[in-house]
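> take a look and give me a structure for this.
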Amino acid sequence: MTKLQNPLKERFEAVNKDLANVSKAQKKLGKALDKALPPKPLPTEHDAMENRTALINRAIAMHLLREGEFEVASTFISETQNNPPLDHVPRSSPIPIETPGDADQPMSDVDDEMSRSMSTTATAQRHADVPPLQSQELQEKFTDMYRILQELRSHNLMPAIEWARRNSDALEARGSNFEFELSKLQYVWLFKGPATNGLPDDTYNGRSGALLYARQNFGRFQARHLREIQQLASAMVYAPNLSESPYHAIFASDTAFADVAASFTREFCSLLGLSAESPLYVAATAGALALPRLLKYTSAAKAKGTAWTTADELAFETPLPARMVYHSIFVCPVSKEQTTESNPPMMIPCGHVLAKETLTKLCKGTRFKCPYCPSDGNIKDAKQIIL
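Numbering: from 1, shown residues only. Got it, this is the predicted structure:
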């Protein structure tokens, strides 16, 4: 009987030990969750966007239009216009039923209503300052953008080239080389021939087609891109063994269409006065990345009894992806002075950037020599850039 009881006792002890281990694991998991998740709701003492409902609605509508969600954007704009914001109503105060004309209404209530009325007027004025969103016009423009992007994904460059030609003056004014980059890629795509590009095997395709395209289109780019045009033409000699030639990198098209699609989106939005990426997306993403560090800083500051005193900037550095780091100023590498509206940054034909006053001092007559490379140029070829 004793021999039978010992195995049962051992098994009972083993079960108890397993239960104890499970209990310990549950406690560790609970502690880990407490550390990972904030124990309290986010602080709501101050809402910086409380009185900016119109701007928030505009940002949401613009984001929907940029993403091609035209029906959703139309519904959102209609509903927000037909339902004006109620952010002038204090959160802690109910909407009063009485009116100032009531004889029995206390004077303090009248004062409160007058204050609310003034607040409502100020709010309406703030919303009036926000320009109306031309949603139909923007929808048409973004529809055109998505149509061209779809063609680029299908390796058809002609709609993008036609768009660049129609807007060549505006692109030139911005110092953009986008039209030439499109034409250069079209030359490369034709050069590769029907086995690669899938276009008809005729005189307009292959090396003969590329040469014909260059003769018809590259003349207008010679003043600024002569060296690159010469390299493209010289590659004809190495066509049988292009991968071993000095020009093989120019003809690598693995990511060329993805790159030109990104450039097209950036240029298209720039001509509309918009950033390449949706501001709402950038703000939400950057905020999500910065939030954990901000909460940690706030908790530490409260524990030490200190306060955040900076009004227009964060009290610490927030690591963000390189594409979300914006540098709105330029310091001339020659004069070491920051550029201004009256002394803007200027890009010279070789690609280097100098302040306008520096460029003027370097000029002898109308020509100048770049201080960083052997290139020289004419001052009329320098383009102002906007950072």
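
> pretty sure residue 360 is in a helix, no?
Yes. When DSSP: H, G, I helix; E, B strand; the rest coil is applied, residue 360 is found to be in a helix.

> mind listing the strands for this protein?
Along the chain, counting by DSSP state E, strands occupy 345-347, 353-355, 367-369, 376-378, 383-384.

> which residues sit against the shortest one?
Strand 383-384 has contacts (Cβ atoms under 8 Å, 6 or more residues apart in numbering) with 172-175, 344-347, 356. For every residue, glycine as well, the C-beta is placed using N, CA and C.

> wait, which of these is closest to residue 277?
residue 174 (17.9 Å; Cβ to Cβ).

> surely the closest one is in contact with residue 273?
No. With contact defined as Cβ atoms under 8 Å, residue 174 does not count as touching residue 273 (11.6 Å).

> these two - which one has more neighbours?
Per other Cβ atoms under 10 Å, whichever of residue 174 and residue 273 has more neighbours is residue 174, with 16 against 6.

> quick check on that one: phi, psi?
Backbone geometry at residue 174, expressed as degrees, to the nearest 10, gives phi -90, psi 0.

> what's around residue 373, how many residues?
11.

> residues contacting the spatially closest residue to it that is not a sequence neighbour?
Spatial nearest neighbour of residue 373, chain neighbours left out: residue 350 (5.4 Å); criterion: Cβ to Cβ, 6 or more residues apart in numbering. For residue 350, the contact set (Cβ under 8 Å, 6+ apart) comprises 370, 372-373, 375, 377.

> just the pLDDT for residue 350.
Per-residue pLDDT puts residue 350 at 86.

> again, but for residue 92
39.

> and among the strands of the chain, the most buried is which?
By mean neighbour count, with neighbours taken as mean count of other Cβ atoms under 10 Å, strand 353-355 ranks first of those at a mean of 23.

> packing partners of that one?
Strand 353-355 makes packing contacts with strand 345-347 when contacts are defined by 3 or more Cβ pairs under 8 Å, 6 or more residues apart in numbering; DSSP states H and E.

> outline the domain layout of the protein.
Per automatic domain parsing, the structural domains of the chain span 136-271, 325-387.

> about what we covered before: can the contacts of strand 383-384 go into CSV with extra columns for pLDDT and distance to residue 305?
As requested, the contacts of strand 383-384 are exported to CSV (pLDDT from 0 to 100; distance: Cβ to Cβ, whole Å):
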residue, pLDDT, distance to residue 305
172, 86, 59
173, 83, 55
174, 81, 51
175, 80, 52
344, 87, 47
345, 90, 46
346, 89, 51
347, 88, 51
356, 90, 51
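
> out of the residues you listed, which is nearest to residue 182?
Nearest to residue 182 among the contacts of strand 383-384, with distances taken as Cβ to Cβ, is residue 172, at 14.0 Å.

> which residues touch residue 75?
Applying Cβ under 8 Å, 6+ apart, no residues contact residue 75.

> by mean pLDDT, which helix or strand of this protein comes out lowest?
helix 107-128 (a mean of 41; mean pLDDT, DSSP states H and E).

> and residue 148, what is it in contact with?
159-160, 163, 264, 268.

> let's see that with 10 Å instead.
156-164, 261, 264-265, 268 (Cβ atoms under 10 Å, 6 or more residues apart in numbering).
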